[in-house]
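Chemist: What follows is a predicted structure for the sequence shown.
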Amino acid sequence: MLNRISASTVLHNGVEMPWFGLGVYQAKEGEEVEFAVKTAIAVGYRSIDTAAIYENEKGVGKAVKESGVPREELFITTKVWNSRQGYESTLAAFEESRKKLELEYLDLYLIHWPVKGKYKETWKALEKLYKDGWVRAIGVSNFQVHHLEDLLADCEIVPMVNQVEYHPLLTQKELHSFCREQKIQLEAWSPLMRGEVLKHPTVTELAAKYQKTPAQIVLRWDLQNEVVTIPKSVHEHRIKENANIFDFEISREDMERLDGLNQNKRIGPDPDNFNF
């Protein structure tokens, strides 16, 4: 299942989503993001994850168009930012993103953060976009169990994806279990903890054991935990290196060691207490 870069999970609506992709957070608009996306697609990546707030959707769209890979083979994600949440404003924000990306449709559209008092109206807009065929799947990002329970209480469509901060120091077991029960695919942002987790002695020890880099160990751990992962890089050698995780498997014992590193430690904001 997880022995090739093109391997996909099937979302609860039947849409296939690659297990592995490129994140472009903080990749500069223009040459930098275009190079990263084109390089990733050339290596075999088929999923690209951006967001309105990253301010690089135009570059992503340009690179996708110039990649030479048919549009239907690619999986493109973007997100509605907090200041645009609400029903009408989300519909307008989606159209702005779609035009910047120069795409006829998107594969996945996410609510970026659970803005209190807004995310339910935002979700109604996503349901409309989905029903109208503008997007193949809809989901959320940074939602905790109570946010999801609140949304599920009166939504028409269950989110297909929840993208959250996820790495060996923040395993979010309760959230992962809840998402499994609801058939919501968990996806990891910042899977490498902006490099911090790569220095952990257990990770470096396992890297030596499997003759892989610490990053490759963590990314493989994501996949074996059935979590979609989207490491960010703008460097060719790292983009290639991050993808070289389909020729080995971490043993159950070593997976448990990595799971055991959890400290509930975040590098990003707490979804219950964020200010944007």
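Modeler: Arrived safely, thanks for sending.
Chemist: Run through the neighbouring helices and strands of the helix or strand hosting residue 253.
Modeler: Per DSSP states H and E, residue 253 falls inside helix 252-259. Under the contact definition 3 or more Cβ pairs under 8 Å, 6 or more residues apart in numbering; DSSP states H and E, helix 252-259 sits against helix 201-210, helix 214-224. Placement of C-beta: from N, CA and C, glycine included.
Chemist: List the contacts of the last one.
Modeler: If I follow you right, that is helix 214-224. The contact list for helix 214-224 (Cβ atoms under 8 Å, 6 or more residues apart in numbering) reads 2, 19-20, 166-168, 188, 191-192, 197-200, 203-204, 206-207, 210, 212, 228-229, 231, 238, 241-242, 244-245, 248-250, 255, 258.
Chemist: Now it: average pLDDT?
Modeler: Confidence over helix 214-224 (mean pLDDT, whole number) is 98.
Chemist: and after it, which helix or strand comes next?
Modeler: Next along from helix 214-224, by DSSP H and E: strand 228-229.
Chemist: Next secondary structure after that following strand?
Modeler: Note on strand 228-229: by DSSP H and E, the next helix or strand toward the C-terminus is helix 236-243.
Chemist: how big is the angle separating the helix holding residue 253 from helix 201-210?
Modeler: Counting by axes from the mean of the first three to the mean of the last three Cα atoms, to 10 degrees, helix 252-259 points 150 degrees away from the direction of helix 201-210.
Chemist: can the helices and strands packed on helix 252-259 go into a markdown table with extra columns for distance to residue 173?
Modeler: As requested, the helices and strands packed on helix 252-259 are arranged in a markdown table below (distance: least, Cβ to Cβ, whole Å):
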| stretch | distance to residue 173 |
| --- | --- |
| helix 201-210 | 18 |
| helix 214-224 | 14 |
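Chemist: Can you say which of those helices is nearest to residue 85?
Modeler: Closest approach to residue 85 among those is made by helix 214-224 (28.2 Å; Cβ to Cβ).
Chemist: Pull the distance from the closest one to the chain's centre.
Modeler: With Cα atoms, centre = their mean, to the nearest Å as the basis, helix 214-224 stands 15 Å off its chain's centre.
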